[in-house]
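Trainee: fold the stuff below for me.
(one chain, ligands or ions: 1)
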Amino acid sequence: MRVDVFSIFPALVDGFCSESLLGKARENGLLDLRCHDLREHTTDVHRSVDDAPFGGGAGMVMRAEPIFASVEAAAPPRPLFLLSPGGRRFDQAMARELAATHPTGGGFSLLCGRYEGVDHRVVEHLVDGEISIGDVVLSGGEVAACLVIEAVARLIPGAMGNDVSPVTESFGTSGLLEESHYTRPADFRGWPVPEILRSGDHARIERWRLAQALHRTLRVRPDLIDARGGLSDQEKRLLEEFPAVPYP
Ligand code: SAH
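Mentor: Next comes the predicted model:
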């Protein structure tokens, strides 16, 4: 999957995406990430990418020319999204949509703003949409770009081995958060692992896991339970059969 990123700090995105699973995905060709420096497409001696806002006011605005020039030179895969607090809220469903552009659609692209944001003509005439990573204001789109790329890349078949379960993983098709996990030692500082996980009874363990996912979701994200139409009678019985693991 090809992903192009446009930024005045391309090394931020390139560096983050060179480590761990993202780095491996790039090495083995699953992810073809190209980070473009918007400053390479400036024409003045100061290589300026920003200018004062028309109408006055605080801060600077990213100029349209270097952005258009950079995007036109790279001919990046589309859709091209501007990262912006005013965009569509990014979530797992959108990550799945973007991952589905692989391999047929050939990927997507991201434009990172800085300062007060970009000249609106970029929004109107260059990008295909805007993505926000949440109701929070960052200083630039680079961290947001890394977040989007990581969420999408781990869904590319082969990028994670067998680690992604589209059903049980949080925000998967179960509509639940994933249950808590434990690893060795079985007793850590007197806090034991739930006995059932060491029982070897896999059918019972699966039921316990589902019960824990239900407990956890009810506890921290009851809105997700509402969104899937509440609890079935079978799920209610499961909750009674297996109490929740302790929470602080
Ligand atoms: N003045 C703007 C904020 C600009 S922040 C406002 O009040 O809406 C500078 C840049 O950081 C933005 O252009 C965008 O690319 C990035 N950014 C900030 N917050 C973001 C968010 N929640 N999601 C995605 N990108 C964000």
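Trainee: the lengthiest helix in the chain - contacts with which helices or strands?
Mentor: Longest helix in the chain, counting residues (DSSP state H): helix 202-220. Other helices and strands packing on helix 202-220, by 3 or more CB pairs under 8 Å, 6 or more residues apart in numbering; DSSP states H and E, are helix 222-227, helix 233-241. From N, CA and C alone the C-beta is placed, and that goes for glycine too.
Trainee: run through who's touching it.
Mentor: With contacts defined as CB atoms under 8 Å, 6 or more residues apart in numbering, helix 202-220 is touched by 168, 174, 176-180, 194, 196-197, 199, 224-225, 231, 235, 238-239, 241-245, 247.
Trainee: and for the closest residue to Leu12 other than its chain neighbours, the neighbour number?
Mentor: Computed as CB to CB, 6 or more residues apart in numbering, the closest residue to Leu12 that is not its neighbour in sequence is Glu142, at 4.3 Å. For Glu142, the tally of surrounding residues (other CB atoms under 10 Å) stands at 26.
Trainee: between the two ends of stretch 216-232, what distance do you get?
Mentor: Taking CA to CA, to the nearest Å, the first and last residues of stretch 216-232 lie 16 Å apart.
Trainee: what does stretch 43-62 give?
Mentor: End-to-end distance for stretch 43-62, by CA to CA: 14 Å.
Trainee: so is it next to the ligand?
Mentor: No - Stretch 43-62 is not in contact with the ligand by CB under 6 Å from any ligand atom; minimum separation 6.9 Å.
Trainee: quick one: the residue nearest to Leu12 and Phe6 touch, right?
Mentor: No - contact criterion CB atoms under 8 Å: Glu142 and Phe6 do not qualify, at 10.5 Å.
Trainee: ok, back up a step: CSV for the helices and strands packed on helix 202-220, including distance to Gly23?
Mentor: What follows is these, written out as CSV (distance: least, CB to CB, whole Å):
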stretch, distance to Gly23
helix 222-227, 32
helix 233-241, 40
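Trainee: of all those, which one is nearest the ligand?
Mentor: Closest approach to the ligand among the helices and strands packed on helix 202-220 is made by helix 222-227 (20.6 Å; CB to the nearest ligand atom).
Trainee: show me what that closest one packs onto, helices and strands only.
Mentor: helix 202-220.
Trainee: contacts for whichever strand or helix holds Val148, please.
Mentor: In this assignment (DSSP states H and E), Val148 forms part of helix 142-153. Helix 142-153 has contacts (CB under 8 Å, 6+ apart) with 1, 3, 5, 7, 9, 12-13, 16-17, 21-22, 25, 30-31, 33, 81, 83, 90, 92, 95, 98-99, 108, 110, 112, 131-133, 138, 159.
Trainee: adjacent strands (with direction) for whichever helix or strand comes after it?
Mentor: Downstream of helix 142-153, the first helix or strand assigned by DSSP H and E is strand 187-188. The strands beside strand 187-188 in its sheet (DSSP bridges) come out as strand 191-192 (antiparallel).
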